[in-house]
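>>> Fold the following.
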Amino acid sequence: QVQLVESGGGLVLAGGSLTLSCAASGGGFSSFTMAWFRQAPGKEREIVAGITWGSIYYAESVKGRVTISRDDAKKTVTLQMNSLKPEDTAVYYCAARVGSHDRDYRRYDYWGQGTQVTVSS
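Numbers count the residues shown, from 1 in each chain. Down below sits the predicted model:
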């Protein structure tokens with residue numbers, strides 16, 4: 001069983017930065033595809049970024065503003081977000097799946113509890 005715990009959310013002014021962290025417990029971390037998703041009120045959960053075996057994916061809406069990284073020894077995955085916009089406001093979730101990268105949240109096996117990111121204008 002894998003447990004994921006996010007941290008680092010908060011309130012930030014537009015143009016500011018935040019770093020989200022996800023700590024995993026349990027075995028097999030290095031074999032997982034890891035991803036960050038977000039969900040705004042009334043909207044479907046959407047992928048922000050994913051990382052697996054040296055391959056990285058970014059959603060078009062955040063490309064150039066966010067960086068995803070992972071440390072398999074520490075079992076952590078980090079999302080550095082810069083130049084934040086009000087439309088980035090959402091609950092951000094860390095997720096893991098056994099297998100290759102996928103943009104569909106329904107194909108992820110493990111989820112964190114989420115961390116709120118609020119960007120004010």
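
>>> residue boundaries of the strands in the protein?
Ranges of strands in the chain, per DSSP state E, are 3-7, 10-13, 18-25, 32-39, 46-52, 55-58, 66-71, 76-81, 90-98, 110-111, 115-120.

>>> The first one: partners in the sheet, and parallel or antiparallel?
Looking at strand 3-7 with DSSP bridges, its partner strands are strand 18-25 (antiparallel).

>>> And for the fifth one?
The partner list of strand 46-52 in its sheet, established with DSSP bridges, is strand 32-39 (antiparallel), strand 55-58 (antiparallel).

>>> Ok, which of these comes nearest residue 115?
strand 32-39 (9.9 Å; CB to CB). (Each C-beta comes from the backbone N, C-alpha and C, glycine too.)

>>> What angle do strand 90-98 and that closest one make with each other?
Relative orientation of strand 32-39 versus strand 90-98 (axes from the mean of the first three to the mean of the last three CA atoms, to 10 degrees): 160 degrees.

>>> got the buried residues for strand 32-39?
For strand 32-39, the neighbour count (16 or more other CB atoms under 10 Å) marks 32-38 as buried.

>>> swap in stretch 40-57?
Going by 16+ other CB under 10 Å, stretch 40-57 has these buried residues: 45, 47-52, 57.

>>> Turn these into TSV, including distance to residue 25.
As requested, these are exported to TSV (distance: CB to CB, whole Å):
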residue	distance to residue 25
45	23
47	23
48	22
49	22
50	20
51	19
52	19
57	25
